[in-house]
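1. missing the sequence, but the structure's below:
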């Protein structure tokens with residue numbers, strides 16, 4: 001995959017993922033008002049002790065009108081990322097906006113997908129920052145490298161954590177998770193209740209995640225590993241409704257092609 005396609009994949013899918021998030025936040029904005037179930041006056045109590053000026057800034061930032069303005073600005077920056085690519089102002093707006101939303105939701109609203117989004121916008125900002133100090137090629141090498149290492153390590157750690165857990169090795173964890181999905185609990189005659197199938201699927205995911213770093217040594221495997229990743233994240237979306245999960249990880253998968261090419265050129 002050419003460097004241009006890698007970058008455009010990141011920009012277009014990343015922008016779409018961010019647009020989707022903004023629309024979700026906007027739809028539930030009424031719930032974050034002072035009389036809503038997620039009022040800032042309640043959630044601010046979970047923030048550790050900090051200087052008075054920090055709390056004053058956050059109190060102002062999360063006022064209903066200013067909060068909606070943040071979402072609008074973030075939405076426009078995401079559209080600009082898709083349409084015109086990454087620029088310093090765009091990257092800075094997306095990074096700051098993402099940090100403010102993470103703080104607003106006590107660290108994350110949608111779990112790992114929000115942290116993967118933070119990795120995306122951090123990589124975009126790194127690319128622009130390094131470009132200012134050097135050149136565009138070096139900037140994208142730094143930005144894509146950061147995203148790729150973080151993405152690759154997320155799979156590796158997840159796979160080896162599963163390997164250490166007996167409920168994953170024997171397939172029981174997969175059945176438990178599917179029972180809690182959108183279409184759960186599983187019917188008594190579901191194929192996923194068959195021990196051999198649940199165990200086989202579990203080991204497939206364990207080996208795929210745990211051995212993901214091997215694509216750096218064998219770049220020809222990259223397409224297969226990435227295709228399986230897209231299938232895995234789509235199934236998570238299908239069974240659990242985690243649409244952010246799919247787009248956040250799909251965005252960063254292009255960086256793995258860059259990292260694989262970089263390693264093959266060095267070795």
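-> Looks like it arrived, so ask away. Predicted, not measured: the structure shown is a model, and the values here were computed from it.

2. helix, strand or coil for residue 187?
-> coil (DSSP: H, G, I helix; E, B strand; the rest coil).

3. so who does it touch?
-> Contact partners of residue 187, counting by C-beta atoms under 8 Å, 6 or more residues apart in numbering, are absent. No exception for glycine: its C-beta is placed from N, CA and C like everyone else's.

4. and it, backbone torsions?
-> Main-chain dihedrals, residue 187, degrees, to the nearest 10: phi -70, psi 150.

5. next: residue 181.
-> According to degrees, to the nearest 10, residue 181 has phi -80, psi -180.

6. equivalent analysis for the one 4 residues further on, please.
-> Main-chain torsions, residue 185, degrees, to the nearest 10: phi -70, psi 160.

7. give me the neighbour count for it.
-> Per other C-beta atoms under 10 Å, the neighbour tally for residue 185 reads 13.

8. give the contact list for it.
-> residue 179.

9. and for residue 139?
-> 126, 127, 128, 129, 130, 131, 132 are the contacts of residue 139 under C-beta under 8 Å, 6+ apart.

10. so residue 82 sits right up against residue 17, yeah?
-> No: Residue 82 is beyond contact range of residue 17, at 10.1 Å (criterion: C-beta atoms under 8 Å).

11. nearest spatial neighbour of the residue nearest the centre of the chain, skipping sequence neighbours?
-> Nearest to the geometric centre of the chain sits residue 116, at 2.7 Å (C-alpha atoms, centre = their mean). Distances taken as C-beta to C-beta, 6 or more residues apart in numbering place residue 248 nearest to residue 116, at 4.1 Å, with adjacent residues excluded.

12. which helix or strand contains the one you found?
-> helix 243-252 (DSSP states H and E).

13. show me what that helix is packed against.
-> helix 3-27, helix 112-133, helix 136-164, helix 222-240 (3 or more C-beta pairs under 8 Å, 6 or more residues apart in numbering; DSSP states H and E).

14. of those, which is nearest residue 93?
-> Nearest of the helices and strands packed on helix 243-252 to residue 93, taken as C-beta to C-beta: helix 112-133 at 9.2 Å.

15. poorly predicted segments of the stretch 1-150 of the chain, please.
-> 1 (pLDDT under 70).

16. contacting residues for residue 146?
-> With C-beta under 8 Å, 6+ apart, residue 146 has these contacts: 119, 122, 123, 126.

17. among those, which two are most distant?
-> Checking the contacts of residue 146 with C-beta to C-beta, the most distant pair is 119 and 126, at 10.3 Å.

18. quick one, what contacts the residue nearest to the centre of the chain?
-> Per C-beta under 8 Å, 6+ apart, neighbours of residue 116: 151, 154, 248, 249, 251, 252.

19. separation between it and residue 209?
-> 15 Å (C-beta to C-beta, to the nearest Å).

20. in the next helix or strand after the helix holding residue 248, which residues are buried?
-> Following helix 243-252 in sequence order, the next helix or strand is helix 254-266 (DSSP H and E). Using 16 or more other C-beta atoms under 10 Å as the test for burial, helix 254-266 gives 254, 255, 256, 257, 258, 259, 260, 261, 262.

21. any idea of the mean pLDDT in helix 254-266?
-> Throughout helix 254-266, pLDDT has a mean value of 83.

22. okay, the angle between that helix and helix 136-164?
-> Interaxial angle of helix 254-266 relative to helix 136-164 (axes from the mean of the first three to the mean of the last three C-alpha atoms, to 10 degrees): 100 degrees.

23. and the contacts of helix 254-266?
-> 1, 3, 5-7, 9-10, 13, 123, 141, 144-145, 147-149, 151-152, 215-217, 219, 222, 225-226.

24. re the thing from before, will you turn the buried residues of helix 254-266 into TSV that also has distance to residue 25?
-> Below are those laid out as TSV (distance: C-beta to C-beta, whole Å):
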residue	distance to residue 25
254	25
255	25
256	29
257	31
258	30
259	31
260	34
261	36
262	35
